[in-house]
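**Student:** below is the structure, and that's it, no one-letter string:
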């Protein structure tokens, strides 16, 4: 492993110290939103549409108002004047081809409570306020809503057809945008390439399922016009700004607190109707209010993820050398744009070539409205989709040209690099060594042995079909350079802030603008601060998630916290050391340049017994008795880091499966992940992120899918019908690391929060598809549920010799699309 | 309203409750023991798992009135004299938690599994945790933590008779 250049040895960074967060979480002292109870607090509950598309002919709330404990009932019409603006979409995107100026974005009005028409099952129709959870629930049942049904469209391709029911009349069609760009002479490359392989993939709709449902508590101080909002959110800072705009409340009068938050995975990266409504009701009634989401409600009220169709193509030479990548996406946005809905496909737009060299690149996405819950960021957001398409098409290419999937990857990898380099999509990757990660993963997985076993036993092992799948993924994270976001019409910057306050007692407070919800920032930031300031991690207190404490912040999503927020902390520590150096030199009566920062303190060069520590300087700075001229008392610094580029974590995952052709069930025999997230800060936490990410990706590959019927009813409406795997379904994981320090930030870190979820679905699906070749199955898409596997095996047996063995050149490109072109010329 | 009396974490509690009140809300809202969490409404996630008369139960599927006369241990009752329970220690040492929301239920389910005398092989522990969902960890470190704690707990105490559930641990009565 290479080391990033540092001015000093690391004592804490790189070590797997135990988490400082854990003792309270392990003893029941965690403080989640639902644990908050305030005197005089009222409960909110929502009347939600049971139908997917209808106009509201009338709402009778009179019976509900008469029930015990009910304080108020509000309809959308009654609350209409409470909103200065509709719910925000921070990333509006218009039609664009290449780098022309885009058209105006087509963002439909999205009101917290519908005024006259519902567009998906679960949309809020009325709000009930009562003195208890139970009374509020009773009152919801008593509200009588008269719906006039409208036509429903739930299939995104049908929604694009002429004559489809249009969700938003003022937009005229269900097409939200078509946005794309090309690099290189794509048409020529594809026209002349001897081999073109094309497949259609569907990244099914998923429900994020943070185990803590959402919740909101609002405490008003009516005489001051002040509000404290506790929300189970990933984005307290962004939420504060956008609630202020949505309700036209002075932003300085709003404090948003994200207390302990029980997982997010993107589902709490939003500004939700319930947050705006709780604030509006607290403002109207002048008393504290609370809402806690139920799980079945969560499936209708919180964003879904993915739901993207991809027509993916690769052009190559006869040997399988990749020449071009071209993709056309259709993304189902559901009924409205949530906070960053339109941007999700764009987050993957530059990654449809993966880690492979090519000459030409084309990306185009069409966003579509349907009568379903809006989609938005779900762990990986755009990058799992890209990785799935690239890694599956590389396997299809391998089969077409008769090469092993590992070989086709190795021959097309971008060669190792440690300075930023431009790639065919136009991005500049920061660093990487894709050969090394794959080689390590192959060794750990026993890749060659599995291939030999397949060959020797006709793909069988104890009556099961043996398959092995690769995923040599890349992702981009560390959102994001503000100038890049400006070019993409995103509504905010991508910087992050940190403050370090050195107390006279030697203790240190670190205030971060990131907002963790399980990632262990308190521990990791303590390690960073301890090394940067020469103190112990236990001397560092890390504060976050409260806009009254941490004034500046852009919060946590997109694996940005360590690479952007950690870099801000690093920069703040530089400022602390600069000021401390001046004070230390003054105290030691030497010139500043005669001091060196060594072993966590300032030492006089050549006389290391004469030294000052940061805690000593902090005391001097606090007493202010003997400061140099022009130096202010106190030792505190804030830094804001705006990254110059994204970071690009990568790695190689290998999955070995045994598929039972009789039952369709898949057992993961071995799962190996070798990840490169740059310089590690806390390996234990990194491994935890990787394992959890892999689990979510395996869930996506084998188990989970949100299903609607043609009336727009969510069929997988609760945790007993939407299949989240437990420990019993999931395997153990074998992990290792490769380190190529990022060139984007001074610490060399890249990000690891999403990598597992991005890498694993294609590794698992390539393995399942590999196993099923032995019974003649040409193609299978996610999720490879037992039922689906059983069906494709039955179909293959019905139409082909039952136990056909793939020969040299494989079974040909497994394609769902008839327009597959090219072939070996 | 119905009158119930039960022992929670070694403390005798009496209360008048609505017959429809779930045990989990009695613990959280009547007694203020918010360590036990609610993650679903279909008994699927197990975040609300507590020990009731020596067995782990999902407190969202028990009415408070059904707990009348029982002994309950929640996550708040596990540590004693400021010392974390071996399961709590093992979860920390093995990074068996991230967001912490499923953790109280996982620990109580793990306790129930260990106290039942179940085998502690990978597959047995994984099957034993089938009723508890975690979205953060991928389970591997949870399994390790329970195995490690079981080793310690069973070293300290004679192995329980597998036919008989062991007595509740962790109460301070």
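**Tutor:** Arrived safely. As the structure is a prediction and not an experimental result, all values here were calculated from the model.
**Student:** what mean pLDDT does the helix or strand containing residue A:189 have?
**Tutor:** Residue A:189 belongs to helix A:186-192 when assigned by DSSP states H and E. Helix A:186-192 carries an average pLDDT of 98.
**Student:** so which bits of it are buried?
**Tutor:** A:186, A:189-190 (16 or more other C-beta atoms under 10 Å in any protein chain shown). Quick note: C-beta positions are derived from backbone N, CA and C, even for glycine.
**Student:** the lowest-mean-pLDDT helix or strand in chain A - contacts with which helices or strands?
**Tutor:** None of the helices or strands of chain A scores lower by mean pLDDT, DSSP states H and E than strand A:96-97, at a mean of 82. Identification of packing neighbours for strand A:96-97 by 3 or more C-beta pairs under 8 Å, 6 or more residues apart in numbering or on different chains; DSSP states H and E yields strand A:175-183.
**Student:** which SS state does the residue nearest in space to the middle of chain B fall under?
**Tutor:** Among the residues of chain B, residue B:108 comes closest to the average C-alpha position under C-alpha atoms, centre = their mean, at 2.2 Å. Following DSSP: H, G, I helix; E, B strand; the rest coil, we place residue B:108 in the helix state.
**Student:** identify the residues contacting it.
**Tutor:** If a contact means C-beta atoms under 8 Å, 6 or more residues apart in numbering or on different chains, then residue B:108 has B:49-51, B:56, B:73-75 as its contacts.
**Student:** excluding chain neighbours, what is closest to it?
**Tutor:** Excluding its sequence neighbours, the residue lying closest to residue B:108 (C-beta to C-beta, 6 or more residues apart in numbering or on different chains) is residue B:49, at 4.3 Å.
**Student:** show me the contacts for the one you found.
**Tutor:** Taking C-beta under 8 Å, 6+ apart, we find residue B:49 in contact with B:36, B:56-59, B:104-106, B:108-109, B:112, B:131-132.
**Student:** poorly predicted segments of the chain, please.
**Tutor:** As the question left the chain open, I've gone with chain A. A:1-9, A:99, A:799-825 (pLDDT under 70).
**Student:** looking at chain B here, not the other one
**Tutor:** Using pLDDT under 70, chain B drops low at B:158-173.
**Student:** tell me the domain ranges of it?
**Tutor:** B:2-76, B:86-156 (automatic domain parsing).
**Student:** can you tell me the closest non-neighbouring residue to residue A:76?
**Tutor:** Of all residues not flanking residue A:76 in the chain, residue A:113 sits nearest, at 3.8 Å (C-beta to C-beta, 6+ apart).
**Student:** look up how far residue B:74 lies from the residue nearest to residue B:108.
**Tutor:** Note on residue B:49: its distance to residue B:74, by C-beta to C-beta, to the nearest Å, is 10 Å.
**Student:** anything in contact with each of these two?
**Tutor:** B:36, B:104, B:108.
**Student:** wait, the first one sits on residue B:25?
**Tutor:** This points to residue B:36. No - Residue B:36 lies out of contact with residue B:25 (C-beta atoms under 8 Å); the separation is 9.8 Å.
**Student:** elements contacting the helix ranked longest in chain A?
**Tutor:** Ranked by residue count under DSSP state H, the longest helix found in chain A is helix A:567-588. With contacts defined as 3+ C-beta pairs under 8 Å, 6+ apart, helix A:567-588 has these neighbours: strand A:496-502, strand A:508-512, helix A:521-533, strand A:595-598, strand A:601-604, strand A:607-613, helix A:614-623, strand A:636-641.
**Student:** isn't residue B:103 up against residue A:26?
**Tutor:** Yes - under the criterion of C-beta under 8 Å, residue B:103 makes contact with residue A:26 at 6.4 Å.
**Student:** quick one: which of these two has more around it?
**Tutor:** Just comparing residue B:103 and residue A:26: by other C-beta atoms under 10 Å in any protein chain shown the higher neighbour count belongs to residue B:103, 31 against 28.
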